[in-house]
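> sequence plus the predicted model coming up.
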Amino acid sequence: MGYTTRLDVQLRGAWGPAAQPDTSKERGKRSSQPESFTDLDVLGLSLTGGARLHSTIVDCKTTTGGSTGRMFWVRGVGDFFAADDAYMVRDSVVTDAARQLATRLGITTLTSADLGRLEELHPCDIPLDTAPISHLFDVSSAATVLAAFTGLDKRLKPLLDYREFGYWLYDEHRNLVQLVEHIRASADRLDPRNPRHLALVLDLTWLYLVSLCHAIHAIRAAHVSDPDRGLQEYLFGGVVGLREKEQLSALLASLREGGALPAEVRVDPLPTYYPKLRELITRVMRRPDRVLPALRLLEVLTTVTALAQRVEPADLGSLHDDLAAKQAADVVQFLVSTTGLNDGFRARARSLLFGEPVPGTPEQTTIPV
């Protein structure tokens, strides 16, 4: 259907319920554990006019019982993600009563036969049955990719938790800064020669490009003629948030000038990399038609890299697009330059996107495995 997708999206709170005063070791242990809310089987994203993300959620189950109650769950998760469409896929026959309820809740119900028919209505010129694209639709490959980031250095846990949980729970405007800061905190522990580390950076690039889309949609709606002002307002959650930060900045500047603060104290509320972020936003805004192809390209490259396999741009067929690859490379370059990541991530990403040789390994045109 043309979406870029993500499997098994986890929704989890930062911490569980606060424990009541108690000396029990077990009570204290429970209170320090994250609280799991639920998970989403499939999240699909596409792009509509105005750089607006169109989202679809899919709930896939083989069980026959509880489908009626599950519909209300799907509706709630759909509202959380502001999903434009919601699907329920079941092996069993869907009763007329269940279909009536699903229609009332704005949910599309599909059996396996319905799903096959739906696929026939969306012909695709991408070779879905040959590698590397076929890895996206192979159960064992999908399971391997989902587990690719387990067992990594425990010091990467804050970054991995953010990727899997925090990103989906933060207010969207915060992710433009939070993703950068989470990578920066773990940059010295990431090695571009490790395929799983490279896959992680490619996956984070996918997430950052999604966040850029949210930002661009907000900027086009409020400040299409002044994207600089629009981006500043977006970063702080709106006009009021930006005004408060500007007033605080002016107060701190006056205190610094009066000697109450050291001269080296930074008072600008914008991140130091703001000019680079503004330039990146501007580039993506100019070619919104390449955003979805770039996301789909990153999705495939993340999968292939997590499987520790090699891929050439020619292997991707019509999925590869030079302008989309350039857009993905720009996001990687931004993350490398702002977070302190090893420049090898940029080189290896370009090797995957353009077939360029990795410096120091002239005989290779793709990542080493």
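On my side now, so go ahead. Numbering: from 1, shown residues only.
> the strands in the stretch 101-250 of the chain, which residues?
Listed from the start of the chain, the stretch 101-250 of the chain has strands (DSSP state E, counting those that start in this stretch) covering 108-111.
> from Arg310, how far off is the residue nearest in space to the middle of the chain?
Nearest residue to the geometric centre of the chain (CA atoms, centre = their mean): Leu207, 2.3 Å. In this structure, Leu207 and Arg310 are 24 Å apart, going by CB to CB, to the nearest Å. (C-beta placed from N, C-alpha, C; glycine too.)
> pLDDT-wise, which helix or strand of the chain ranks last?
Comparing helices and strands within the chain by mean pLDDT, DSSP states H and E singles out helix 25-31 as the least confident, with a mean of 46.
> can you list the low-confidence ranges for the stretch 1-150 of the chain?
13-36, 63-66 (pLDDT under 70).
> which stretches of it form helices?
In chain order, the stretch 1-150 of the chain shows helices spanning 25-31, 67-80, 96-105, 112-120, 139-146, with DSSP state H, counting those that start in this stretch as the criterion.
> I figured Tyr170 hits Val177, correct?
No. With contact defined as CB atoms under 8 Å, Tyr170 does not reach Val177; the gap is 9.8 Å.
> these two: which is more packed in?
Between Tyr170 and Val177, counted using other CB atoms under 10 Å, the more crowded position is Val177 (18 against 15).
> what about the closest residue to that one other than its chain neighbours, helix or strand, and which?
In space, and not counting its chain neighbours, Val177 is closest to Pro271: 6.0 Å by CB to CB, 6 or more residues apart in numbering. Assigning secondary structure by DSSP states H and E places Pro271 outside every helix and strand.
> relative to Glu181, how far out is Pro271?
Looking at Pro271 against Glu181, where the rule is CB to CB, the gap reads 9 Å.
> who has more neighbours out of those two?
Set Pro271 next to Glu181 and count neighbours by other CB under 10 Å: Pro271 wins out with 15 against 12.
> show me what contacts that one?
When contacts are counted by CB atoms under 8 Å, 6 or more residues apart in numbering, Pro271 touches Val177, Val180, Leu277.
> try Ile183
Applying CB under 8 Å, 6+ apart, we find Ile183 in contact with Leu159, Leu190, Val201, Leu204, Leu335, Thr339, Leu341.
> repeat that with 6 Å
With contacts taken as CB atoms under 6 Å, 6 or more residues apart in numbering, Ile183 has the following neighbours: Thr339.
> let's see the pLDDT reported for it.
Reading off the confidence values, Ile183 has pLDDT 98.
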